[in-house]
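Enquirer: structure of the sequence below:
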Amino acid sequence: MEMLQPAPGCTVIDATFGRGGHSRAFLKRGASVVALDVDPEAEKEAHRLAAEVGADRFRFYRMNFSELGRLMEKEGPADAILLDLGISSPQVDQAERGFSFQQAGPLDMRMNPESGVTAEQLVNELSEPELRNLLREGGEDRDPGKIARAIVRARPLHTTADLATAVSRVTHAPRPGAKHPATRTFMALRRAVNREGETLNEALAAIPRALKPGGRMGILTYHSIEDRAVKNWIREHSEEEKRQLGMAFGHPNPERWVRPLGEAVPTEEEISANPRARSARLRGAELLQGGVA
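Expert: The predicted structure follows:
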């Protein structure tokens, strides 16, 4: 709230809506909210919230945040944008969604369960080299070749338990309190199923046009791959970076500039109350008044 400064008269884009925690906080501060999500369960909760507060203060669109450009055609630029990456707790807790190795369920992992390729298709149809690349790039697995071979040997895999068992057979047993050995594998598959890297890049490219001059962006990430992409984007679009480029090449860069607003991580108290917050990191930036392309 401090970073994005929602207030009466402001419009905030909440992407993704999840179950509405951020939207309700923005509304409590007096702002109007435009929320996005591709999950049909999120859409149901959004309709309930819309009935509570009215369409003049809350509107929902069934779309991915990579579609910010299309949203602008309907709503115009906003005063603030929050991108909340990754999956929501309800998605993790529903075994039938297939996101968690802690519960037996189908290997699905689609945020929009009505379309797209499933994790089961990927683990059973990709070649070993393709799986190795997927695990290395999407989850930064420490030994993607060994895990890819284990997956191929264990085919066919149909459930989260099948996949977790195949990975655990070729990795060290976790120390008490350490991450499960299949954590990175599941993350890599989830990112591939939902094209998370591509959708983040598409959203970042659209943000300068989706914000009003002086508007603020905040992005919540949950692992190093996402955080690195966001940190690099802010640095590459920062006022200081553009000034240096202009000096080096003898002309100002015409892209919109941003001013970094810093970062925030959860406190020990928050992590104790909500362990899933432990890897969260919030980075923000303000779109400067000048420099419109």
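Enquirer: quick one: residue 124 and residue 159 touch, right?
Expert: No - counting by C-beta atoms under 8 Å, residue 124 stays clear of residue 159, with 12.0 Å between them. C-beta: built from backbone N, CA, C; applies to glycine.
Enquirer: now the helices for this structure?
Expert: Listed in chain order, the helices of the chain (DSSP state H) span 21-28, 40-53, 68-75, 89-93, 119-125, 128-139, 144-154, 160-168, 183-193, 196-210, 224-236, 239-249, 268-273.
Enquirer: how about the most centrally placed residue in the chain, what does it touch?
Expert: Centroid-nearest residue in the chain: residue 85, 1.6 Å away (criterion: C-alpha atoms, centre = their mean). Taking C-beta atoms under 8 Å, 6 or more residues apart in numbering, we find residue 85 in contact with 196, 200, 219-222, 226.
Enquirer: what pLDDT is listed against it?
Expert: Looking at residue 85, its pLDDT is 92.
Enquirer: ok, it to residue 225 distance?
Expert: Residue 85 sits 10 Å away from residue 225, going by C-beta to C-beta, to the nearest Å.
Enquirer: for residue 184, same thing?
Expert: 10 Å.
Enquirer: what about the residue nearest to the centre of the chain, distance to residue 192?
Expert: Residue 85 sits 15 Å away from residue 192, going by C-beta to C-beta.
Enquirer: again with residue 81
Expert: 25 Å.
Enquirer: more neighbours: the two, which one.
Expert: Neighbour count, other C-beta atoms under 10 Å: between residue 81 and residue 192, residue 81 has more, with 27 against 22.
Enquirer: show me the contacts for the more buried one.
Expert: Here residue 81 is in contact with 12-13, 15, 68, 207, 210-211, 215-218 (C-beta under 8 Å, 6+ apart).
Enquirer: dump the residues you listed into TSV; add neighbour count as well.
Expert: Output for those, formatted as TSV (neighbours: other C-beta atoms under 10 Å):
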residue	neighbour count
12	28
13	27
15	27
68	26
207	24
210	23
211	24
215	25
216	24
217	28
218	22
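Enquirer: which ones among the residues you listed lie within strands?
Expert: 12-13, 15, 211, 215-218 (DSSP state E).
Enquirer: any idea how many residues pack against residue 75?
Expert: Neighbours of residue 75 (other C-beta under 10 Å): 15.
Enquirer: show me what contacts it?
Expert: Counting by C-beta under 8 Å, 6+ apart, residue 75 has contacts 11, 13, 34, 59.
Enquirer: on that earlier part again, winner for burial among the helices of the chain?
Expert: helix 183-193 (a mean of 23; mean count of other C-beta atoms under 10 Å).
Enquirer: let me see the mean pLDDT of it.
Expert: Rounded mean pLDDT across helix 183-193 is 92.
Enquirer: quick one: list the elements packing against it.
Expert: On a contact count with 3 or more C-beta pairs under 8 Å, 6 or more residues apart in numbering; DSSP states H and E, helix 183-193 meets helix 119-125, helix 128-139, helix 160-168.
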